[in-house]
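**Q** missing the sequence, but the structure's below:
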């Protein structure tokens, strides 16, 4: 079973990197809210683990629509603390990148 923090970090970091690369971070003040929502989006296929009665969808390739959830699960990347820690590291680096890029706008 994968560690949820890995999926959350992948989704949040993915959103921040997209905002930074496209320049959209300059047009919104909601970067943090977007990152959190994107992290939650990445965890939706596992909601069946938390909410009884909700079916799990993480076992199909369609789960890749949720920030490559299926790929991360099938490659067992988020099963280890090392893989999840690496994704958290990417999230931290993307936050630092965002903070530094906002400092350069002034």
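**A** Looks like it came in fine. Worth saying up front: this structure is predicted, and the values here are computed from it rather than measured.
**Q** list the contacts for residue 41?
**A** In this structure, residue 41 makes contact with 11, 66, 67, judged by CB atoms under 8 Å, 6 or more residues apart in numbering. No exception for glycine: its C-beta is placed from N, CA and C like everyone else's.
**Q** whichever of those end up buried, select them in ChimeraX.
**A** Of the contacts of residue 41, the buried ones go into a single ChimeraX selection, burial set by 16 or more other CB atoms under 10 Å:
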select :11,66,67
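**Q** save the contacts of residue 41 as a markdown table, and put in secondary structure and pLDDT too.
**A** Shown next, in a markdown table, are the contacts of residue 41 (DSSP: H, G, I helix; E, B strand; the rest coil; pLDDT from 0 to 100):
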| residue | secondary structure | pLDDT |
| --- | --- | --- |
| 11 | helix | 96 |
| 66 | coil | 89 |
| 67 | coil | 86 |
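**Q** out of the contacts of residue 41, which is nearest to residue 25?
**A** Closest approach to residue 25 among those (CB to CB): residue 11, at 16.4 Å.
**Q** can you pull out the helices in the protein?
**A** Listed in chain order, the helices of the chain (DSSP state H) span 4-22, 31-43, 47-50, 69-74, 81-103.
**Q** mean pLDDT lowest for which of the ones you listed?
**A** Lowest mean pLDDT within those: helix 47-50, at a mean of 78.
**Q** how far off centre is it?
**A** Distance of helix 47-50 from its chain centroid, counting by CA atoms, centre = their mean, to the nearest Å, is 17 Å.
**Q** now render the helices of the chain as TSV, adding distance to residue 59.
**A** As requested, these are arranged in TSV below (distance: least, CB to CB, whole Å):
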stretch	distance to residue 59
helix 4-22	14
helix 31-43	15
helix 47-50	10
helix 69-74	8
helix 81-103	19
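**Q** nearest to residue 60, out of those?
**A** Ranked by CB to CB, the member of these that lies closest to residue 60 is helix 69-74, at 6.6 Å.
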